[in-house]
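In: Predicted model, plus sequence, below.
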There are 2 protein chains.
Amino acid sequence: MAQKIIFTDTPARALTEQLDELGCKGALTIITDSNTRRDCLPLISGDSRIDGAGVIELEPGDDNKSLTSLSEIWNYLCCHGATRHSVIVNLGGGMITDIGGFAAATFKRGVRFINVPTSLLAAIDAAVGGKTGINFNGLKNEIGSFAPACSVIVSSAFYGTLPRTELLSGYGEVLKHALLDSPEALGQALEFDLSEADPALLSGILENSVGVKRRIVAEDPFEHGLRRSLNLGHTAAHAFESLAMEAGRTEPHGIAVAHGIVVDLVLSHLNLGFPSDTLQAVASFVRENYPAPAFDCKDYPRLIEFMQHDKKNTSPDAINFTLLRKPGDVQTDCIVSPEQIKVAFDIARDLLGV
Amino acid sequence: MAQKIIFTDTPARALTEQLDELGCKGALTIITDSNTRRDCLPLISGDSRIDGAGVIELEPGDDNKSLTSLSEIWNYLCCHGATRHSVIVNLGGGMITDIGGFAAATFKRGVRFINVPTSLLAAIDAAVGGKTGINFNGLKNEIGSFAPACSVIVSSAFYGTLPRTELLSGYGEVLKHALLDSPEALGQALEFDLSEADPALLSGILENSVGVKRRIVAEDPFEHGLRRSLNLGHTAAHAFESLAMEAGRTEPHGIAVAHGIVVDLVLSHLNLGFPSDTLQAVASFVRENYPAPAFDCKDYPRLIEFMQHDKKNTSPDAINFTLLRKPGDVQTDCIVSPEQIKVAFDIARDLLGV
């Protein structure tokens, strides 16, 4: 699972170097969506292999991370002479790096791929760590595989013009990594001014945050143990996203994660004595910076159903959570009853001011 | 890629032991086809986990190793509460172990599976070695992944009532492994009387033959080098199968391999000086025991097109073969021109008496 992560201001040059390193002479395919093709493809152009590459353009949006799109990618590769020695460049947000990585991992039993995440969230989450996949049957990432990109090119050049929602979405994962790391990292993350995000400061936070994920993944690439700590906030977050998908709404992943973190910290407080003042500090940060969560008590049964489908569960009846004793002190595989989850939803909504 | 291969006369008991070893308490799904469900499922019954398992029954036949069937399996697992801790038992020939293994490898990014091959060919080829996949766009195994079964249960109990075609099909791979192993192994394989196959003798040959594959796969699980030697006979075989599929005929894999081996030995003779008498001995064995190949010179261009799509190729124009200097002395990645392939087809058809 060796995966090179390159932080750079000049993504075009970094990509050229990576292609050279892979011995890629051509036979290159770029997977992207219509937005990132327009806004980000120019930022990696200049190399003849990139400029001459075949381009697969998907419609943006997580509901296109589907079997239909996957089948289109496979079909394109088949019909355009891709071989097992071809290289795929995934240029886009998490939707593109997830589906593009899975397509690459399964075409002719695996071709090499490079991720170029163009959103803060993808840089910090989807594009690093080797998880790939698609949504299936209304469930997020239900089908997929562990397949690391050969390299991931992380560049602030892509994040200069991010809409505020994208910034918030990425920052949800920053909060998670800080909580997993230490009280100091959490303090630093909560001090950052999201309303006037300073690019240089953000670059530094991003590099530290990716470093936390990288260390955890290196110790447990296939999620047999420690890696499950990265699921902090995600049991609830995935349920929020599935609920939104069902209602035809879009819920940015990192925003769902920010809300999910508050739910998980409530459960951590109830079950493991997570300090109440730290819970309040995180909840205040989320309440002040993030939109309010869009669920109420009549959604609880459906949210619980979604949670029962979560990949982390050890049996169909049990719902597993990653919880914390305090920042940096993680307990994975905590089984929580549906009743207590409903209580935590109530408290979390209260803390988030809804 | 640790994979346990168990040779046994009592597959039901072996399966129970494997389920115990995996700590499987239930949540078991069996993937099978209508034939193997009827003929082979009774041979593994007795354990409550098996008798109470959910059963996914596919239609038999390689054209059902499709995205449609794969999607059905994923859907069944989704709707029947399978978790990441579930276990899947693939009970069938290579079609079932290929598609079932791929479904297991990709459902929730991978659940554990046990292969119980019910044909000689699957026992010797598809079920061992960790290759999984489906056909796509008319191309064999175009989509898939490397994912080893936790264990493979090989039992002569399933092969007692094999139709002759199945025996011949399996024996194609026996010939291949013998050629890769040594002149002695080849001699032994050619001495075996296929018209009155002695079960005890066959069991011994099977165990040796699986051993050859196992040694090669252990050294190179992801086919970066040595494992490509297992492609002996397969560049042509896959083209024969694709041609048959296109014409609506069924070409058993091992029979295509037997014909493909003769083509590859002709190419080995032309390019690497493979001994002419050994080539003649193998060709005689195939001619005497196997049906004649069903292609003629007007199929050559289409066969070459299929070969150009082979996963082994390093570029869209080059066609790669695994060839031999002599039995046990392999040269992978030999590029052969379409013109020479046509010559080899002519000579092979001549040697095979068509």
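Out: Nice, thanks for sending it over. Residues are numbered from 1 along each chain as shown, chains lettered A, B, ... in the order given.
In: Closest residue of the stretch 101-250 of chain A to chain B?
Out: The stretch 101-250 of chain A approaches chain B most closely through A:Lys108 (4.3 Å), counting by Cβ to the nearest Cβ. All C-beta atoms are positioned from the backbone trio N, CA, C, and that covers glycine.
In: quick one: contacts for that residue?
Out: A:Ala82, A:Thr83, A:Arg84, B:Glu142, B:Ile143, B:Gly144, B:Lys311 (Cβ atoms under 8 Å, 6 or more residues apart in numbering or on different chains).
In: Please repeat the previous calculation with a cut-off of 7 Å.
Out: A:Lys108 makes contacts with A:Arg84, B:Glu142, B:Lys311, as judged by Cβ atoms under 7 Å, 6 or more residues apart in numbering or on different chains.
In: got the phi/psi numbers for the residue nearest to the second one when sequence neighbours are not counted?
Out: The reference is to B:Glu142. Taking Cβ to Cβ, 6 or more residues apart in numbering or on different chains as the measure, B:Glu142 lies nearest to B:Phe136, with 4.0 Å between them; neighbours along the chain are not counted. Backbone torsions for B:Phe136, taken as degrees, to the nearest 10, come to phi -150, psi 140.
In: Same check on A:Ile31?
Out: phi -110, psi 130.
In: if we can go back for a sec, can you name the residues that contact the residue nearest to B:Glu142?
Out: Contacts were defined as Cβ under 7 Å, 6+ apart; by that measure B:Phe136 touches A:Trp74, A:Cys78, B:Leu67, B:Glu142, B:Ile143.
In: try A:Ile143
Out: When contacts are counted by Cβ under 7 Å, 6+ apart, A:Ile143 touches A:Gly133, A:Ile134, A:Phe136, B:Trp74, B:Thr106, B:Phe107.
In: Report the beta-bridge partners for the third one.
Out: Beta-bridge pairing for A:Phe136 (DSSP bridges): A:Leu139.
In: Quick one, grab the pLDDT at the residue of the stretch 101-250 of chain A closest to chain B.
Out: At A:Lys108 the predicted local confidence, pLDDT, stands at 95.
In: Helices along chain A, start to end?
Out: Residue ranges of the helices in chain A, as given by DSSP state H, are A:11-21, A:34-39, A:48-51, A:67-79, A:94-106, A:120-121, A:164-181, A:183-191, A:199-219, A:234-246, A:253-272, A:276-289, A:300-308, A:338-351.
In: Close to chain B: what parts of chain A are there?
Out: If contacts are counted using Cβ under 7 Å from any Cβ of the partner chain, the residues of chain A sitting beside chain B are A:67, A:71, A:74-75, A:78, A:81, A:83-85, A:105-110, A:131, A:133, A:136-137, A:139, A:142-146, A:311, A:313-316.
In: if we can go back for a sec, next, format the contacts of B:Phe136 as CSV and append pLDDT and distance to B:Ser195.
Out: Conversion of the contacts of B:Phe136 to CSV gives the following (pLDDT from 0 to 100; distance: Cβ to Cβ, whole Å):
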residue, pLDDT, distance to B:Ser195
A:Trp74, 98, 44
A:Cys78, 93, 42
B:Leu67, 98, 40
B:Glu142, 95, 37
B:Ile143, 97, 39
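In: Quick check on those: which are buried?
Out: Applying 16 or more other Cβ atoms under 10 Å in any protein chain shown to the contacts of B:Phe136, the neighbour count classes A:Trp74, A:Cys78, B:Leu67, B:Glu142, B:Ile143 as buried.
In: okay, now A:Gly254: neighbour count?
Out: In terms of burial, A:Gly254 registers 29 neighbours under the definition other Cβ atoms under 10 Å in any protein chain shown.
In: Angles on the backbone of A:Arg84, please.
Out: Backbone torsions for A:Arg84, taken as degrees, to the nearest 10, come to phi -60, psi -10.
In: for it, what are its contacts?
Out: Applying Cβ under 7 Å, 6+ apart, we find A:Arg84 in contact with A:Lys108, A:Val111, B:Lys311.
In: And the residue nearest to it when sequence neighbours are not counted, how close does it get to A:Gly81?
Out: Distances taken as Cβ to Cβ, 6+ apart place A:Lys108 nearest to A:Arg84, at 4.7 Å, with adjacent residues excluded. Going from A:Lys108 to A:Gly81 by Cβ to Cβ, to the nearest Å gives 12 Å.
In: Also A:Tyr290?
Out: For A:Tyr290, the distance to A:Gly81 under the criterion Cβ to Cβ works out to 46 Å.
In: And these two? Which one has more around it.
Out: Here A:Tyr290 and A:Gly81 are compared on neighbour count by other Cβ under 10 Å; more neighbours surround A:Tyr290, at 21 against 15.
In: can you pull the pLDDT of that one?
Out: Per-residue pLDDT puts A:Tyr290 at 96.
In: what are the phi and psi values for it?
Out: Here A:Tyr290 shows phi and psi, under degrees, to the nearest 10, equal to phi -110, psi 150.
In: wait, doesn't it sit right on A:Ser169?
Out: No. At 9.5 Å, A:Tyr290 and A:Ser169 do not qualify as touching, with contact defined as Cβ atoms under 7 Å.
In: Now the common contact residues for those two.
Out: Between them, A:Tyr290 and A:Ser169 share the neighbouring residues A:Ile255, with contact defined by Cβ under 7 Å, 6+ apart.
In: hmm, back to that, A:Met95: which of the contacts of B:Phe136 is nearest?
Out: A:Trp74 (16.9 Å; Cβ to Cβ).
In: OK, contacts around that closest one?
Out: A:Ala103, A:Phe107, B:Phe136, B:Ile143.
In: Looks like A:His177 contacts A:Val210 (just checking).
Out: No. The pair formed by A:His177 and A:Val210 falls short of the contact definition of Cβ under 7 Å, at 8.1 Å.
In: In stretch A:254-272, which of the residues would be classed as buried?
Out: In stretch A:254-272, the ones that count as buried by 16+ other Cβ under 10 Å are A:254-269, A:271.
In: For the residue nearest to A:Arg84, grab phi and psi.
Out: Dihedral angles for A:Lys108 - degrees, to the nearest 10 - are phi 50, psi 40.
In: Show me where the stretch 151-300 of chain A dips below the pLDDT cut-off.
Out: In the predicted model of the stretch 151-300 of chain A, residues A:160-161 satisfy pLDDT under 70.
In: Neighbours of A:Ser48, how many?
Out: A total of 11 residues lie near A:Ser48 under the criterion other Cβ under 10 Å.
In: Same check on A:Leu303?
Out: Here the count is done by other Cβ under 10 Å, and A:Leu303 has 21 residues near it.
In: wait, what's in contact with it?
Out: Counting by Cβ under 7 Å, 6+ apart, A:Leu303 makes contact with A:Ala239, A:Leu243, A:Phe295.
In: Columns neighbour count on top of these, output as a markdown table?
Out: Listed next are these as a markdown table, based on neighbours: other Cβ atoms under 10 Å in any protein chain shown:
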| residue | neighbour count |
| --- | --- |
| A:Ala239 | 28 |
| A:Leu243 | 19 |
| A:Phe295 | 22 |
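In: Can you tell me which of these lies closest to B:Asp346?
Out: Using Cβ to Cβ, A:Ala239 is the member of the contacts of A:Leu303 that lies nearest B:Asp346, at 64.3 Å.
In: how far away is the residue lying closest to the closest one once chain neighbours are set aside from chain B?
Out: Closest residue to A:Ala239 apart from its sequence neighbours, by Cβ to Cβ, 6+ apart: A:Phe306 at 3.9 Å. Counting by Cβ to the nearest Cβ, to the nearest Å, the gap between A:Phe306 and chain B amounts to 12 Å.
In: nearest residue to A:Val87 other than its sequence neighbours?
Out: Nearest residue to A:Val87, sequence neighbours excluded (Cβ to Cβ, 6+ apart): A:Cys24, at 4.5 Å.
In: wait, that neighbour sits on A:Arg49?
Out: Yes. Between A:Cys24 and A:Arg49 there is a contact under Cβ under 7 Å: 6.4 Å.
In: quick one: which of the two has more around it?
Out: Set side by side, A:Cys24 and A:Arg49 show unequal neighbour counts under other Cβ under 10 Å, the larger going to A:Cys24 at 20 against 17.
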